[in-house]
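> Based on what follows, work out the 3D shape:
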Amino acid sequence: MSEINHSGIVKKITQNYLEVSVAAGTACDGCHARSVCLPGGDREKIIRVEGNHPLISPGDRVMVSMKAGQGFGAVVLAYLIPVIVM
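Numbers count the residues shown, from 1 in each chain. Below is the predicted model of the structure:
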């Protein structure tokens, strides 16, 4: 399975997670979930990465990776499941 990789900048760090700001790149243009993931044509997203990352500081440039199927699963969990529950 292919991976989705985004370069981003660390904006916030806590003991349990960090937040990374990533710019929507050209790979997002062809993605089937683009309209849900980037509503209104946003060009920046904040990705929350769980875990303790002691060697990373705000302002560091990092690479965020996930399997392609995880992105679609996240969209389903965030948008489709709440609609079904209602």
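> I believe residue 84 is in a helix; please confirm or correct that.
Yes: under DSSP: H, G, I helix; E, B strand; the rest coil, residue 84 sits within a helix.
> Make 54 the starting number, not 1.
Sure, I'll start counting at 54 from here, so that last one is residue 137.
> what's near enough to touch residue 106?
With contact set as Cβ atoms under 8 Å, 6 or more residues apart in numbering, residue 106 has these partners: 66, 71. All C-beta atoms are positioned from the backbone trio N, CA, C, and that covers glycine.
> how close does it sit to residue 97?
Counting by Cβ to Cβ, to the nearest Å, the gap from residue 106 to residue 97 is 21 Å.
> What confidence value was assigned to residue 111?
For residue 111, the model assigns a pLDDT of 95.
> give me the number of residues near it?
Residues lying near residue 111 (other Cβ atoms under 10 Å) number 11.
> just checking, it touches residue 66?
Yes: using Cβ atoms under 8 Å, residue 111 makes contact with residue 66 at a distance of 6.0 Å.
> Can you show me the helices along the chain?
Counting by DSSP state H, residue ranges of the helices within the chain are 79-82, 87-90, 121-128, 134-138.
> which residues does the closest residue in space to residue 117 that isn't next to it in sequence contact?
In space, and not counting its chain neighbours, residue 117 is closest to residue 59: 4.9 Å by Cβ to Cβ, 6 or more residues apart in numbering. Residue 59 is in contact with 73, 75, 78, 100, 116, 117, 118, counting by Cβ under 8 Å, 6+ apart.
> can you pull the buried residues of stretch 61-75?
61, 63, 66, 71, 72, 73, 75 (16 or more other Cβ atoms under 10 Å).
> which residues are contacting it?
59-60, 76, 97-106, 109-117.
> Kindly supply the ChimeraX command isolating those of these that are buried.
Only the buried entries of those go into this ChimeraX selection, using 16+ other Cβ under 10 Å:
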select :59,100,102,106,115
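> Good, wrapping up.
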